[in-house]
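Visitor: What follows is a predicted structure for the sequence shown.
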Amino acid sequence: REDVYSYEYEDGPGPDAQNLAFDLKHGSSTPWNAKILDILLEKLQTRSMEEKWPFPRSDGYYKAILEDRYKRLRTGWRAAQPKITAKGVLETGAEVEERLIAKRDGNLKSIRQTTRRRSKEDEDDDLPAWQWLQKLIKTLGDDGMSSEESDIENDVECVLRVKNMTWRRGIERELSVIDNQRVLDDDIF
């Protein structure tokens, strides 16, 4: 495009902030694309201040996200470009669409198979661990875990002191897994 060339090699005005268009034939470090990323970064920082986002982030953080998004956009664009067929001719629009749909369907099939396989493995691997943890909790009983509540009777405050038992040190991680699971999925208990 002429505007990209004039900006990079002459004194062209650069990208229009109201109508941004990347030069997808090249990487994110070209002057044109770098300028667009800077414009987007500035807009993102302005928006974060206006909307009072709870977690302020550095320019480097946002820049890395924008560059990653550009790389994914460029990868998708490059995949959608017509390729040369086995017959030595350029693909038609319909052939490009067919190729992209077939690739997407293949990726989705692979993801489904992997997810099913992992789910099955996780179920098989987790069951003995959860059975052991259930047995542990039943063995410890109600007094096995430390209480987080104190009772106040007759205006006397009862202060509970945690005593670290030697046998408990080896299962701190397991007990915290149970506590965390209870917080994440309270329907289980």
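Guide: Received, thanks. As the structure is a computational prediction, the values presented were derived from the model and not from experiment. Residues are numbered from 1 along each chain as shown.
Visitor: C-alpha only now, for contacts and for neighbours.
Guide: Will do.
Visitor: distance between the helix of greatest length in the chain and the chain's centre?
Guide: In the chain, with assignment by DSSP state H, the single longest helix is helix 93-140. Put simply, helix 93-140 sits 17 Å off its chain's centre (Cα atoms, centre = their mean, to the nearest Å).
Visitor: Kindly report the same for stretch 89-106.
Guide: With Cα atoms, centre = their mean, you get 29 Å for stretch 89-106.
Visitor: tell me which residues of it are tucked away?
Guide: Glu91, Val96, Arg99 (16 or more other Cα atoms under 10 Å).
Visitor: still on that earlier bit, what is the mean pLDDT for the longest helix of the chain?
Guide: Averaged across helix 93-140, pLDDT comes to 81.
Visitor: Could you name the helices and strands sitting against that helix?
Guide: Packing contacts for helix 93-140, counted by 3 or more Cα pairs under 8 Å, 6 or more residues apart in numbering; DSSP states H and E, involve no helix or strand.
Visitor: rewinding a little: just send the buried residues of stretch 89-106 back as JSON lines, with distance to Ala21 too.
Guide: Formatted as JSON lines, the buried residues of stretch 89-106 follow (distance: Cα to Cα, whole Å):
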{"residue": "Glu91", "distance to Ala21": "25"}
{"residue": "Val96", "distance to Ala21": "23"}
{"residue": "Arg99", "distance to Ala21": "26"}
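Visitor: Which of the residues you listed sits closest to Leu41?
Guide: The closest of the buried residues of stretch 89-106 to Leu41 turns out to be Val96 (Cα to Cα; 33.3 Å).
Visitor: pLDDT score assigned to the closest residue in space to that closest one that isn't next to it in sequence?
Guide: Spatial nearest neighbour of Val96, excluding adjacent residues (Cα to Cα, 6 or more residues apart in numbering): Pro82 at 6.0 Å. Looking at Pro82, its pLDDT reads 94.
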